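K.L.:
Pasting the sequence and the predicted coordinates here, then a few questions.
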Amino acid sequence: MDSAAVTPALILCADDEESLLTDICDELREAGYNVLGATDGNTLMEQVSSVTPNLILCDINMPGLNGYDVLDTIREQRPDLADIPFIFLTALSNPDEIVTGKRLGADDYLVKPIDFDLLLATIDARLRQVQRMHEKASLEKEKLCETMQELTHQAVTSTSRALDLVAPGIVLLNDQGRVMYANRSATLLADTNRYLNLGETLTTTLTRENRQLCQSITDMINAENEQVLCLSLPHSRKGHDLLVLVCSLDKRNAGPAAVVLLSDPDNRVHVPPQVVAKLFNFTPTEARIALALADGRRTEEIAVDLSISATTVAFHLRNLFQKTDTNRQADLIALILAGTMMWNLGG
């Protein structure tokens, strides 16, 4: 990879020996890294609250918060930094100290006096390991998108009987927005929801929502690339909103121009959080919040369900946006729905 094409990794380094801290920071900067230094654990935690590092070097014996306290606090309060390598720096070579650090979740352990060649090699190895993890996650995300596209293409050529067995409602639309096919699940959802009309076209009796639905369908039919839009429609009975996923299709192939997936959160097969965590490289809490959003839960409801504050939910939501390369909640839900629907189809 061309190092000039990417932003240098940011390393946070904490050590109460100021001369050693200066030497380490100088070595790291000379090696091409961005560095922030701290002489105690409290300062390091302040830095962690304002920046997202690529790696943390931390002395164990420091005033205020010691290294163990810092690591424990980060692992407890910042699950979004779970994949950030944490390396202890210490003058202690007692195996018990190493075991303690490892059990707390430290990724590596360097003993003073610091061998700078070993330090740089260790940092390089850990950063490459994280890069491989991110590349793998990116490939899995691309594979998910490709699989979703394959599923929509397969839906075009599959038999009606096969489509009727699919849990989500599927509606195939031509380039005029006319319904070409609707499976049994879609028909049942329309029959049980007085707001939803499924005839020659797919519409809703609610004025504002119908404008959104029609505009989404038009946008996906006219989209040059394969895209996804997500919106929700109220139920005629009590319950969560009906989730609607509108997907454009490859215009190079003859057939449907768009597919609409309808999902009833109250009757949908629920995907285990660990499956979503693996699909999108989420933490367990992020996976639970993502599934709650896909189920139509609001931020305040999620906070109550998980016994956390709304601020914490918002914090995790920002991490979900970052990990999925989305900017809006609707786009995030669309991606989660695509993944969970794919899992239901494959399961």
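P.N.:
Sure thing, it's come through. Residues are numbered from 1 along each chain as shown.

K.L.:
Wait, residue 68 touches residue 100, no?
P.N.:
Yes: using CB atoms under 8 Å, residue 68 makes contact with residue 100 at a distance of 6.8 Å. The way it works is simple: take the backbone N, C-alpha and C, and place the C-beta from them, glycine included.

K.L.:
Mind checking which of those two has more residues around it?
P.N.:
residue 68 (19 against 15; other CB atoms under 10 Å).

K.L.:
For residue 59, see how far away the residue nearest to residue 62 when sequence neighbours are not counted is.
P.N.:
Counting by CB to CB, 6 or more residues apart in numbering, residue 62 lies nearest to residue 16, which is 4.6 Å off, once chain neighbours are set aside. As judged by CB to CB, to the nearest Å, residue 16 and residue 59 stand 6 Å apart.

K.L.:
ok, these two, which is more surrounded?
P.N.:
The neighbour count for residue 16 versus residue 59, taken as other CB under 10 Å, is higher for residue 59 (26 against 16).

K.L.:
residues in contact with the more buried one?
P.N.:
Remark: with contacts taken as CB atoms under 8 Å, 6 or more residues apart in numbering, residue 59 is in contact with 14-17, 67, 88-90.

K.L.:
Residue 213 now?
P.N.:
With CB under 8 Å, 6+ apart, residue 213 has these contacts: 202-204, 231, 233, 244, 246.

K.L.:
Make JSON lines from these and add pLDDT to it.
P.N.:
Formatted as JSON lines, the contacts of residue 213 follow (pLDDT from 0 to 100):
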{"residue": "202", "pLDDT": "92"}
{"residue": "203", "pLDDT": "90"}
{"residue": "204", "pLDDT": "88"}
{"residue": "231", "pLDDT": "74"}
{"residue": "233", "pLDDT": "76"}
{"residue": "244", "pLDDT": "82"}
{"residue": "246", "pLDDT": "83"}
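
K.L.:
can you count the residues close to the residue lying closest to residue 18 once chain neighbours are set aside?
P.N.:
Counting by CB to CB, 6+ apart, residue 18 lies nearest to residue 39, which is 6.0 Å off, once chain neighbours are set aside. Residue 39 has 17 neighbouring residues, counting by other CB under 10 Å.

K.L.:
Also the one 5 residues further on?
P.N.:
Neighbour count of residue 44, defined by other CB under 10 Å: 29.

K.L.:
How far away from the center of its chain is stretch 290-305?
P.N.:
15 Å (CA atoms, centre = their mean, to the nearest Å).

K.L.:
got the end-to-end distance for that stretch?
P.N.:
Taking CA to CA, to the nearest Å, stretch 290-305 runs 13 Å from one end to the other.

K.L.:
A strand includes residue 225, no?
P.N.:
No: Residue 225 is assigned coil when assessed by DSSP: H, G, I helix; E, B strand; the rest coil, not a strand.
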